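Q: model this:
(2 chains)
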Amino acid sequence: MTRFLVPLAAFGLLVVVLAIGIRHAPEKGVIASPLIGRPAPQFSLPELGNSARLVSSGDFKGKWYLFNVWGTWCSECRAEHEMLLEVRRSAVLPLVGLDWKDDDGEASTWLTQLGNPYAVVAVDHSGRTAIDWGVYAAPETFLVDPRGIVVYKVTGALTREVWTRDILPRVSASPSGS
Amino acid sequence: MLPELGHFALILALLLAALQAFFGIAGPMFARERWSAAVVPAVAGQFVMVATAVGCLVASFVGEDFSVRYVAENSNSALPLFYRVTALWGAHEGSLLLWILLLAAWTVAVTIGAARLPRRFATRVLGVLGVVSFGFLLFTLATSDPFLRLDPPAADGNDLNPILQDPALAVHPPILYTGYVGFAVAFAFACAAMLEGRLDQEWARWTRPWTTAAWAFLGCGIALGSFWAYYELGWGGYWFWDPVENASFMPWLAGTALVHSLAVTDKRGLFKSWTLLLAIVAFSLSMLGTFLVRSGVLVSVHSFAADPARGIFILAFLVVMIGGALTLYAWRAPLLKSTAGFELGARESFLLFNNILLVIAAATVFAGTLAPLISDSLGLGTLSVGPPYFNPSFMVSMLPLLALLSLGIHAGWKRGRLGTKQRVLLTTLVVAAVLANGLVFGVYSGGHVLAPIGMTLGIWIILASLADPLDRWRRRLSVPRGVLGMTIAHTGLGLAVIALTTVQSFTVERDVALANGGTVKVGNYDFRFEGVAAIEGPNYDAIGATVAVSRNGAPVVILKPQKRQYWVQHQAITQTSIHIDRGNNLLVALGDDLGAGRWSVRIQIRPLVSLIWLAALIMALGGAVAASDRRYRPGLTAQAAAVGTPAGEPAA
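A: Numbers count the residues shown, from 1 in each chain, chains lettered A, B, ... in the order given. Okay, the predicted model is just below:
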């Protein structure tokens, strides 16, 4: 008789583990990236509006920066744009944009009309760089530290709440944060 | 207007599912005929309502109604019509809706198929399916409503995730889900049998075709997913042991065990409680897969947007469903007695080994998948478990399974003597060993120590599987669909083993020094080095090479590998160039400058990669053929049982 209770007991244990797992799960809407704690993927892509120049991951060595994946086809990106402009005005750290699978002309128009929050925008037509970064859907934003390590990832629009709660403390905690 | 209609239809479906669950379980329990009679109309009504809801959402997608949040997030006015329809399951909410639609469709199929089954039993099956459906509908309405509106509406949609804009991935979820959901049917049959407190050989015969069909769909879905990961992600791998992949592979392994244990229960009335447990486990793993992917407890390369609130709901649902089923199991399974016995060496014992080994394999994958989670919840830090764990530990259970398979299909029921089959087995083994060694040492020349073993086993499985059906065919005896399906599936497995062994062992890798115009022959391919050119990057210098590949003088492709030197980190990055030709995966990487215009070039040829997916599809096809056996059709069982063949009956 008792051996027929074994599966139930094993399942009970599993539920406990899963319940703890949920408690530890990242906050709502956030997918922890396997990249966190690892070096940011290397890339080298043409710059938006100046395709002769290339933007690459090495350019930002020694600086904190936010790597923001966006596209003009992404309505959520429009929603976060105001916040990105605010980040630029705060001058805490530069924003590096990755214009993902987008039309260059439309992207330039978008930045002219809405204001350009980016220090520089790299153009990823093939989507290969986005795959390297494990991007699921735009917008996504990665916080990269001066050593080039990915520290934090935001899935979905960057909000003021995320900025003050999750990003600012990380940047200011480090002595090299400017 | 349409989204509101869809939402309303979904609420009605929830109510109908509740009725279906209540009447289906309470009707037989309290012997209320009129309650039981209400189940079928509830099933039909629920299907109509769910189909209406799906139709409304599809109409919103096609009609580009960006005031619906889900549509705005997953579609765009520029998206082609095909992807606007498949965008339905492009994210979490719609995937759930698809799950529910498929469950409703399976339930309708069961209602039709079970019309000839004992009334009380069929009613209970539908009742259990009603509980499952109710849970998923409640989950959707409570945490993942796809019909929410945006105010103000979006000007245009966010577009479907570009990664998902691919034909293979567009059809992958429906097929995979059909498999997952199909195991719900086996689960419902198991629960109904436990509620009855009775399980006989007939029960197994009723359950088998549903289970086999679900297993076939799941296999197809996994193969498609693997194929997509291979060519879209471009990492050159066909399987990553990623949590999402494992989530579909575990129920497949448990389902494979279930398909085989059902054969024993069907033929010999044995393994009853074990079969019940496997039916519960296979569906539990399907639901657990959903939980792991959706709750955010595990990090994966292809994760859906995760939400802990959803995780808590799914966990509660798991506790009710699986906990309930296992409680029922602990209560009812001890009542099931198997009277018949069997000798060691009889087919039963081989199928027992098959089950033990498959369950060990599933447990191995399970442990590896959950290890990071367990170590994290015990505060031991994050742990990453990858191929170095999965590959060898999976092999530990797979090798004996493959070795015993040929013996198992030739062993007779009950008696442990192979008798006349000994000769067939021995002949096929010798032929397989000769062929395998010929291939390994002749064609591919050497390789890993496991290569001749894997190759021999793979060929042996194919030859041994074909021996009996070929013999019957020569003697102009009919081959039942069950046997035919089993043969096809086992042949597929043999092919998969050969393909996997070949890819793992005979990936030819050559490091050669080539000067401008130099040619090297690797495998059947000639690689002609056509020189290098400097490419200047902003933060790196690159050297790009041009390598023309030809086969017997006919050009195949021009590969352009690069070597980059990043200024800041002084890191050399090699950009490999890949092409697939006739199942062979050709890779070229550029190495060092050896001076005097000569460069070291690394060339890889991975043979038979495409056969892996083909073999998986053949296995699924075998399942489909076996499931269509006349023996399983209600009403035909009497004749089929009379025609029943004494030895070598379908085991798959």
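Q: got the buried residues for stretch B:97-113?
A: Going by neighbour count (16 or more other CB atoms under 10 Å in any protein chain shown), the buried part of stretch B:97-113 is B:97-104, B:106-108, B:110-111, B:113. (Glycine included, C-beta is placed from N, CA and C.)
Q: let me fix that: stretch B:327-343
A: Going by neighbour count (16+ other CB under 10 Å), the buried part of stretch B:327-343 is B:328, B:329, B:330, B:332, B:333, B:336, B:338, B:342.
Q: Report the entries of those residues that also contact chain A.
A: B:329, B:330, B:333 (CB under 8 Å from any CB of the partner chain).
Q: separation between the residue most central in space within chain A and chain B?
A: For chain A, residue A:141 is the residue whose C-alpha lies nearest the centre (CA atoms, centre = their mean; 2.0 Å). Per CB to the nearest CB, to the nearest Å, residue A:141 is found 15 Å from chain B.
Q: What strands line up against the helix or strand hosting that residue, and which way round?
A: Counting by DSSP states H and E, the element that carries residue A:141 is strand A:140-144. Strand A:140-144 pairs in its sheet with strand A:65-70 (antiparallel), strand A:150-155 (antiparallel), by DSSP bridges.
Q: Out of those, which is the most enclosed?
A: Mean neighbours per residue, mean count of other CB atoms under 10 Å in any protein chain shown, is largest over those for strand A:65-70, with a mean of 24.
Q: Not counting its own residues, what contacts that strand?
A: A:40, A:77, A:84, A:87, A:93-100, A:118-119, A:130, A:133, A:135, A:138-144, A:158, A:167 (CB atoms under 8 Å, 6 or more residues apart in numbering or on different chains).
Q: hmm, 6 Å instead?
A: A:77, A:93-98, A:100, A:135, A:138-144 (CB atoms under 6 Å, 6 or more residues apart in numbering or on different chains).
Q: Can you tell me which of these is closest to residue B:599?
A: residue A:98 (32.9 Å; CB to CB).
Q: May I have the beta-bridge partners of that closest one?
A: residue A:69, residue A:122.
Q: how about the nearest residue to the residue nearest to the centre of chain A, chain neighbours excluded?
A: Leaving aside its sequence neighbours, residue A:141 sits nearest to residue A:154 (CB to CB, 6 or more residues apart in numbering or on different chains; 4.3 Å).
Q: from the chain's centre, how far out does the longest helix seen in chain B sit?
A: Scanning chain B for the helix with the most residues, using DSSP state H, yields helix B:201-233. In this view, helix B:201-233 has its centroid 5 Å away from the chain centroid, taken as CA atoms, centre = their mean, to the nearest Å.
Q: Show me what that helix is packed against.
A: Packing contacts for helix B:201-233, counted by 3 or more CB pairs under 6 Å, 6 or more residues apart in numbering or on different chains; DSSP states H and E, involve helix B:167-196, helix B:243-268, helix B:609-627.
Q: so that helix versus helix B:609-627, what angle?
A: 160 degrees (axes from the mean of the first three to the mean of the last three CA atoms, to 10 degrees).
Q: Quick check: buried residues in the lowest-mean-pLDDT helix or strand in chain A?
A: Scoring the helices and strands of chain A by mean pLDDT, DSSP states H and E places helix A:128-132 at the bottom, with a mean of 79. By 16+ other CB under 10 Å, the buried positions in helix A:128-132 come out as A:129, A:130, A:131.
Q: Output the below-cut-off pLDDT ranges for chain A.
A: A:1, A:23-34, A:136-137, A:174-178 (pLDDT under 70).
Q: can you give me the helices in chain A?
A: Under DSSP H, chain A gives helices at A:6-24, A:75-90, A:104-114, A:128-132, A:160-162, A:168-173.
Q: For chain B, state which of the buried residues of helix A:128-132 is nearest.
A: residue A:131 (6.4 Å; CB to the nearest CB).
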